[in-house]
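S.K.: using only what follows, build the 3D model:
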Amino acid sequence: MQATKNCGRGGGRVRQYNKSQVPRLRWTSQLHQHFVQAVDRLGGKYRATPKRILQMMSVKGLKISHIKSHLQMYRSWKDSNNMDMFVLRRASLKDNGLFSNCSLSKR
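M.R.: Residues are numbered from 1 along each chain as shown. Take a look at the predicted model:
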């Protein structure tokens, strides 16, 4: 059951914010490229499933919730080149490291 608060004159209810237990992940260009390769090997962005992508990527620290979220965003982009450019630009602005919170070592 969600805790709610009264808000405003209309007596509308607002759900309380619950922070996720899974740490936030920064998708670097290398991690995104690894994701894209897994998706392509699994038959494309509409045939690949989060569980199979996670298994194929074998990245320590990567959770299925990370994959689900990224796949949803990846599917929503009309042109995957735009998505690649978005990830590359964001990664170059943040840092020059390989991964944040994850490594490519096998589990």
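S.K.: residue 43: neighbouring residues, count only.
M.R.: As a burial measure, residue 43 scores 11 neighbours (other CB atoms under 10 Å). Backbone N, C-alpha and C define where each C-beta goes, glycine included.
S.K.: that should have said residue 18, apologies.
M.R.: When counting by other CB under 10 Å, one arrives at 8 neighbours for residue 18.
S.K.: residue 70 and residue 27 touch, don't they?
M.R.: Yes - with contacts defined as CB atoms under 8 Å, residue 70 counts as touching residue 27 at a distance of 6.2 Å.
S.K.: which residues are in contact with the helix or strand hosting residue 69?
M.R.: Under the criterion of DSSP states H and E, residue 69 resides in helix 64-76. With CB atoms under 8 Å, 6 or more residues apart in numbering as the test, helix 64-76 has contacts from 20, 22, 25, 27, 32, 35-36, 39, 45-46, 48, 50-51, 53-54, 57, 80, 83.
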